[in-house]
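> The following comprises the amino acid sequence and a computationally predicted model.
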Amino acid sequence: MKPLFATAALLLSTLSVQAQEDVVCMATDEMEAALVDWYDETPAVMAEDGTIVWASGIGGTWTVVNYNPDGTSCALAQGDNWTPDMDADALIAALPYGQG
């Protein structure tokens, strides 16, 4: 487990992460449309639990999205400076308040 914490600490120290006190949730189709239209983000990587990190390309914005069985999705975190080698599971594990 120690490498996971080291990776998470590295991610947090090198990224501009905005943790949200109020997790933003909405219908999944609305969430995905907003990410595409407003931020030009597309699905970049999926975590083991099905959570998807959306990103706008190298050096761009990213958003961690949790998908719920009821057809809603929640944006758990967002940031800047996306790189393709980011580990979605480590990024999600680093969230200070857990997964939605």
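Received it, and whenever you're ready, just let me know what you need.

> Ile58 is in contact with Pro84, isn't it?
Yes. At 6.6 Å, Ile58 counts as touching Pro84 under the criterion of Cβ atoms under 8 Å. Yep, even glycine has a C-beta here, placed from its N, CA and C like the rest.

> and for these two, which residues touch both?
Common neighbours of Ile58 and Pro84, counting by Cβ atoms under 8 Å, 6 or more residues apart in numbering, are absent.

> Can you tell me how far the residue positioned nearest the centre of the chain is from Ser56?
The centre of the chain sits closest to Val64, judged by Cα atoms, centre = their mean, with a distance of 1.6 Å. Look at Val64 and Ser56: by Cβ to Cβ, to the nearest Å, they are 14 Å apart.

> One more: Gly79?
Remark: distance between Gly79 and Ser56 (Cβ to Cβ) = 11 Å.

> Next, show the common contact partners of those two.
Listed as contacting both Gly79 and Ser56 by Cβ under 8 Å, 6+ apart are Trp62.

> For the protein, which residues score under the pLDDT cut-off?
1-22, 96-100 (pLDDT under 70).

> Can you show me the helices along it?
Taking DSSP state H as the test, the helices found in the chain are 2-14, 28-39, 88-93.
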